[in-house]
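S.K.: model this:
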Amino acid sequence: QVQLVESGGGLVQPGGSLRLSCSASGSIVSIYSMGWYRQAPGKERELVAIIISGISTNYGDSVKGRFAISRDNAKNTVDLQMNSLKPEDTAVYYCKAILKTSATGTFMTYWGQGTQVTVSS
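M.R.: Residues are numbered from 1 along each chain as shown. You can find the predicted model right below:
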């Protein structure tokens with residue numbers, strides 16, 4: 001059974017920084033991608049940042065230049081450094097991984113439970 005556990009959310013003032021972490025555990029054989037999505041009230045879930053094959057990165061337009069994603073391949077973790085936070089960054093942030101386990105033998109998508117980020121003065 002795969003688990004994605006997120007941490008690091010909270011309340012921060014505009015202009016501040018937060019760092020989110022996501023750790024994947026289970027009988028993981030290979031990870032295709034790990035990344036972060038977010039969903040604000042009344043809005044659809046959107047891409048924040050993703051790392052594919054541990055090398056290629058992609059960011060949502062609204063966070064380019066402010067957020068940075070990094071991955072530790074040995075630990076199966078992915079971090080999101082969020083700088084210059086704005087009130088519109090307020091959302092529940094979800095970790096997503098596409099990976100293969102010894103049980104499934106195929107790549108499947110997994111989601112974390114989400115962590116709240118609130119940017120407010």
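
S.K.: Which helix or strand contains the residue nearest to residue 106 when sequence neighbours are not counted?
M.R.: Distances taken as C-beta to C-beta, 6 or more residues apart in numbering place residue 100 nearest to residue 106, at 6.1 Å, with adjacent residues excluded. In short, each C-beta sits where N, CA and C put it, glycine included. Secondary structure from DSSP states H and E places residue 100 in strand 91-101.

S.K.: Run through the neighbouring helices and strands of that strand.
M.R.: Under the contact criterion of 3 or more C-beta pairs under 8 Å, 6 or more residues apart in numbering; DSSP states H and E, strand 91-101 touches strand 3-7, strand 18-25, strand 28-39, strand 77-82, strand 107-111, strand 115-119.

S.K.: Quick check, central residue of this protein?
M.R.: By C-alpha atoms, centre = their mean, the mean C-alpha position of the chain lies nearest to residue 36, the distance being 2.5 Å.

S.K.: and that residue, bridged to which residues?
M.R.: residue 49, residue 95 (DSSP bridges).

S.K.: Wait, it touches residue 49, no?
M.R.: Yes. In this structure, residue 36 is within contact of residue 49 by C-beta atoms under 8 Å, at 5.3 Å.

S.K.: which neighbours do these two share?
M.R.: Residues touching both residue 36 and residue 49 by C-beta atoms under 8 Å, 6 or more residues apart in numbering: 69, 80.

S.K.: what's the distance between residue 77 and residue 58?
M.R.: Summarising the geometry, the distance separating residue 77 from residue 58, computed by C-beta to C-beta, to the nearest Å, is 18 Å.

S.K.: Correction: the previous question concerned residue 82.
M.R.: Using C-beta to C-beta, residue 82 is found at 16 Å from residue 58.
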